Every structure is written in structure tokens, then in C-alpha cells.
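> For reference, the sequence and a predicted model appear below.
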Amino acid sequence: MLKAPLKNRKMKIIVCIKQVPDTTEIKLDPVKGTLIREGVPSIMNPDDKGGLELALQLKERHGAEVTVVTMGPPQAEAILREAFAMGVDRAILLSDRKFAGADTLATSNTLAGALRKLEYDLIITGRQAIDGDTAQVGPQIAELLDLPQVTYVEGISPAQAMPLASTPEGIVFSVKKATEEGYEHLEVAAPCLMTVLSSAEKPRYMSVRGIVEAFDKPMTMWGFDDLDVDESRIGLNGSPTRVARSFGKTMKSAGSVHEVEPEQAVELIINKLREKYIL
Amino acid sequence: MLTKQQELFLQMIREFAEKEVKPLAAEIDETERFPSETVEKMARIGLLGIPIPTEYGGAGGDNVLYSMAVEELSRVCGTTGVILSAHTSLCCAPILEHGTEEQKRNYLPKLASGEWLGAFGLTEPNAGTDAAGQQTIAIREGDEYVINGSKIFITNAGPAHVYIVFAMTDKSQGTRGITAFIVEKDTPGFTVGKKEKKLGIRASATAELIFENCRIPAVNMLGAEGKGFGIAMKTLDGGRIGIAAQALGIAQGAMDETVRYTKERKQFGKSIAAFQNTQFQLADLETKIQASRLLVRSAASKKDRKEAYSVDAAMAKLFAAETAMEVTTKAVQFHGGDGYTREYPVERMMRDAKITEIYEGTSEVQRMVIAGNLLR
């Protein structure tokens, strides 16, 4: 963690990313009722990619060193190469059999164990992963590292009067947080953690040069011995969550979208409700 | 078998094509509007300098990646594919391969970054396949050449800033009297003439180049005097990889549409994909598409390895272009009446496919190249 003001050094941002199956491509086995995972492409989790885009924009506007960290099997290297091709400076893969079978708490413990070994002003995670939808890992990391956190971030807006200020105490971020009613503008002192929505900014495409050079960049691999974490708190043993049962959702009909004037919309809705004998 | 780098590139270019290029394809075909905004987006991620070394501002990639880019763009929009192909193969490549160090430093960074778009002017009203019949002339006067004449059917003419232009510097020498020049857009005496109305690739700018006492500095000569014909032929060898990739992409795009359509369309109580006639025809077409892809990638990787690839490029272009024409024509047939309407993209793909049998050497020229090598 870093508390020093920005003078004479680069801001350091760490983005935690996760490789997930592209759930938009997953189909149900009609007989067994289970998910067919074979042949489903793996992608960088969309909220994480939104967070990475915000980090890269901060880098472009204010100068920063951006590091991505992921926990996963060796194949997770793919999203780290993708992150290199988008413009990150450093990538760390946390991979060890001891990490396997982790629930969100054990995952957060593992990630925190890596983050304790790194310097940062800002940690960014996605709000949630599309394969689990728990939205727990970001907040858990913040608690484990005792950091202030802002969830549901959509922007670290440059339009703000003080987008990024360096006070004698350190950096202050001005943050746009989405709420159910609208937005809140918050200021938060570094070091801190933010969980970001995929709707924050459209992530950039990997550049061609980035792709060409992505596989020549050194990727750091860390196993259990490289982390600052208790073995009882990680992997399957560190996971208090047990999945009792999995079952499919009953399908609702897709509904229909009508783009019409309000008057016509009222008429359309009333007719539909009458059609179904609700009115 | 793709390398991890190629897989990552495919992931990017597919997403780019689907999200940025496909939504415009029908509209720009209908209105014949050059898609400047797409070219800007392509420039931003480095697509306009894929095989250009990083020292000249390019991405430092290779011709296989470049052919994959043209294929994937053409899969959703044939016009966008040829804009990239003409720029890269016909303008950047000859400067990279035949330019002086000063020419490379002057032109490649701006071309590779997409600040400037490139074009190539060889064809004339009386010099098509018989490119030696050049009537455009360039006469040396001191430190300048004065160019007079005209070129037709020039891709990217208008939007392009840099044109590789061929002219006779010594008529008595025949093909050995042709010289290549780099001409910039705003040079006095150089204008872009009538824009063609075409059957396909309708949004690509295809126009005439007119030279009336156009004076260009002698340092803009590309290669030595009298070496233009060789430069043109070598450039077209490379260009054929791009056009073969374009044809391949168009064929693949028509196949994608046909697979989707034949699974959904029901006749006689079942999807038309359930008929063996459909299945056998699709199997044959898919096999030809994959064969085209292997020919394209093989020619591109030979170019990357600096091996002779002229015959490979001719075979790739011949086979991919004829496959594109066959696949798109049958795609329209599979779509029936729907396929003949502009509600579905396959009629556009069929119109776009035809040009791949004609430009940068007709299919007949490709057969001449292949047979000529065989029987020499």
C-alpha cells in the first residue's frame, strides 16, 4: 500500500480480473438440464474489463503504472495477454493447486495475500463476475486490506473540479458511483478500492501492436509460497460456502420491445392487459 | 492451427468487425458512402499498419495477421476489406519494399498510423491486363518529373493522400521504360476525376486520377527509373493475398448467413437444412472455403518467410475468388426469394464477390501466372 503524495512517482493501480465462461454462449443440456460448458469461449469478465478501461484512462490522463492480477488455472494467462494488448504494464497470475476449489472468501484471501506484497494507490475490481454474480470479492478484499471502498463505480470523471488531486496526505479520487436512484459523487483518499461496472466506459480494443508484443512481455507467476496468506484461509479448506443444490430457472417468455410514442405505448399496454383478461 | 497470438488477434478483429463494421455494411452499400468513420476506428487500433515494422510506426505484425484482418472485415463488409487491402498491399508495401530510407521515413509512419490513406494507380483505359500499354508519361525536367495522363478504376481515390503512380519515362523501352512515383494528394496538376458507380463494393471509392502537367520532385521516384513494371508486378503479387483474403471473407460471411438461414427456414414441415441436398451442397462449399483459407495463409506465410510466393498468391486469389462467387451465388439460391431482396445480406455479398475475379489480375491472369510457372 502507498500513502506518499504523487510527487516524483507514478500512481500505481492494480486491477483484479477474472477469466469466465462467456455465459451468453452457454446452452442448457435439454436432457440433463445442466450447463454445457464444452466449447464455450472463455473471456475477461465484463465488469473487470470496464474497470481495466478506467485504469487505462487514468494512466493516459495522469500517468500511472497499471498491473493486472488474476487467480486461476494456467489457461487464465489468456486474459493477462489480452490485458497486455490493451496496454497494462505488468501482469501477475496466481496459480497453485492449493488455490483450487475456492469460494468468494477464499478467493479474496488469496488475492489479498498477493496484494499485500504489492504497492498500490488504487485497487480496482469488477462489480461481479458473470459466472457467479456474487459481487463479494471486491468488498471482501477491501475489508481484508482495511481499505476504504467505493462500489458500483461508473467513472473517475475528468470533468470534475478535482478529478485527481495530490494532497500532502496522498491522492484523492473523485468518483461517480451508481445508485438505484441515480449517481453519487464521492471523494475518496488513496489507497482505496473501487468495484466498477461494465457500463462505466466502453473498453478499448486491443491494439494490433499490443497483440503482436503481448506474448513477449514477462508475466509473473505466483504460487502459494509467494503470497502473504494463511493456508487454512485459501482453496477448498478456506471456503465456508457449500453449494447445496443447483437447479435451472423456469424460463419466462422473452417479451417484446416496442419503440413508440407514450400515447401509443399506453394504448398498447392496455390492449395487452385486456388481451390477457387482467383488465 | 493458429498460434496464441493469432487467436488473440482473431478475437479482437472479430469483435471489431461485428460491432463496428457490420452495422454499417448495408447502409454504405445502399448509399455508396465511403466509411471514413470506420477507417478512423481502424486507424486507432493500428489496423492500417499491420505488417509495417514498428520503426516506421507500424504494428510490427506479419502478412498472416494482415490477411486475417482483411478476411474478418470482408466477412461482414467487402468494401471495408478492400479499403484495407489497397492501402496496405498496394501503397504501404511498395514503399516499404522499394522506397529509399527517406521515403520510408516520410510516408510509412503517416500511412501506418492511418493519418494518411494509400492508393495505387496502374490501370488505364488502354492498359488493363496488358499493363505494359501505359500511356501516362513522365518527363524529367531538372529536379522534377512532369506527369501527364490518366488512370482509371483506382481504389481509395479521393480519400487517399498518397498514390503510387506508374508512368512511361521512356516509351522506346516498353515495359523497361515504366517508372513508379509517389504522388501526394494536393500536388498541383493532380486531380481525382469521376467516381464509378459499381455493381458491388459500392462504398469503396473507385475513381479516375488525372494528371495535367503535374510536377513532382524527382526524389519521389519509387525505385530506379525504368524499374516501375517490376515494382507493379511484385506489388500485385502481394495485393493478391489481400484480395484472396477479401474473397475468402465474403465467402465465409455468405456461409455464416446460409447456415443460420437454412436452420431457421422451414418448408414441407422441416428446416431446409434437414434436406440432404442442402447438406451436401453446404459440405462442398465449406470444404472449398477451408481450402481457400489454407491457400491464403500459405501464400501469406511464404511472403513472411521471404520465400517466392507469386504462384501461391495467384492460386490463392484464383481459388478464393471463384469460391466466393460460387458460395455467394448458392447462398442467394438457398435464401430463395429472401436472398434476392436487400433485407438479407447475401445479395450484397454476391455483388461484392464478383470483383474479386477481376481486380488485381483477373482469374485469367492468375491462370497465366500459374501455367507460366508450370511450363517454363
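Perfect, I can see it now.
> Are we agreed that A:Tyr120 is in a helix?
No. Read with DSSP: H, G, I helix; E, B strand; the rest coil, A:Tyr120 is coil and lies in no helix.
> Show me where the stretch 101-250 of chain A dips below the pLDDT cut-off.
A:157-170, A:248-250 (pLDDT under 70).
> residues in it within reach of chain B, list them.
The stretch 101-250 of chain A comes close to chain B at residues A:204-215, as judged by C-beta under 8 Å from any C-beta of the partner chain. C-beta here means a position set from N, CA and C on the backbone, and glycine is covered the same way.
> tell me the two of those that are most distant?
A:Arg204 and A:Phe215 (19.1 Å; C-beta to C-beta).
> More neighbours: these two, which one.
Neighbour totals were compared for A:Arg204 and A:Phe215, and A:Arg204 leads with 18 against 15 (other C-beta atoms under 10 Å in any protein chain shown).
> quick one: pLDDT of the residue of the stretch 101-250 of chain B at minimum distance from chain A?
Residue nearest to chain A within the stretch 101-250 of chain B: B:Ala112 (9.8 Å; C-beta to the nearest C-beta). Among the per-residue scores, B:Ala112 shows a pLDDT of 98.
> so it touches B:Gly61, yeah?
No. Under the criterion of C-beta atoms under 8 Å, B:Ala112 makes no contact with B:Gly61, lying 10.7 Å away.
> Among the residues of the stretch 101-250 of chain A next to chain B, which ones are in helices?
Among those, the members found in helices (DSSP state H) are A:208-214.
> How is residue 245 assigned, secondary-structure-wise?
Defaulting to chain A. Strictly by three-state DSSP, A:Arg245 counts as coil.
> hmm, I had chain B in mind actually
Per three-state DSSP, B:Ala245 ends up helix.
> and what of A:Thr125?
A:Thr125 ends up strand, using three-state DSSP.
> Which residue is the nearest non-sequential neighbour of it?
A:Gly138 (3.7 Å; C-beta to C-beta, 6 or more residues apart in numbering or on different chains).
> Could you list the buried residues of stretch B:20-30?
Of the residues in stretch B:20-30, B:20-22, B:24-25, B:28-29 count as buried by neighbour count, 16 or more other C-beta atoms under 10 Å in any protein chain shown.
> so A:Ser42 makes contact with A:Val20?
Yes. Counting by C-beta under 8 Å, A:Val20 is a contact partner of A:Ser42 at 6.9 Å.
> Have a look at those two and say which one is more surrounded.
Comparing A:Ser42 with A:Val20 by other C-beta under 10 Å, the one with more neighbours is A:Val20, at 21 against 14.
> Is it correct that the more buried one is in contact with A:Asn45?
Yes. Contact criterion C-beta under 8 Å: A:Val20 and A:Asn45 qualify, at 4.7 Å.
> in the stretch 1-150 of chain A, which spans are strands?
A:11-16, A:19-21, A:27-28, A:35-36, A:42-44, A:64-71, A:90-94, A:122-126, A:149-155 (DSSP state E, counting those that start in this stretch).
> Quickly compare these and say which is most buried.
Per residue and on average, the most neighbours among the strands of the stretch 1-150 of chain A fall to strand A:122-126, with a mean of 29 (mean count of other C-beta atoms under 10 Å in any protein chain shown).
> And the contacts of that one?
A:11-18, A:45-52, A:54-55, A:58, A:115, A:137-138, A:141-142, A:145, A:147, A:171, A:173, A:190-196, A:198 (C-beta atoms under 8 Å, 6 or more residues apart in numbering or on different chains).
> Can you tell me how far the closest residue to B:Met350 other than its chain neighbours is from B:Glu322?
Nearest non-adjacent residue to B:Met350, counting by C-beta to C-beta, 6+ apart: B:Thr328, 3.9 Å away. To B:Glu322, B:Thr328 is 11 Å away according to C-beta to C-beta, to the nearest Å.
> Ok, B:Met221 next?
Counting by C-beta to C-beta - B:Met221 and B:Glu322 are separated by 38 Å.
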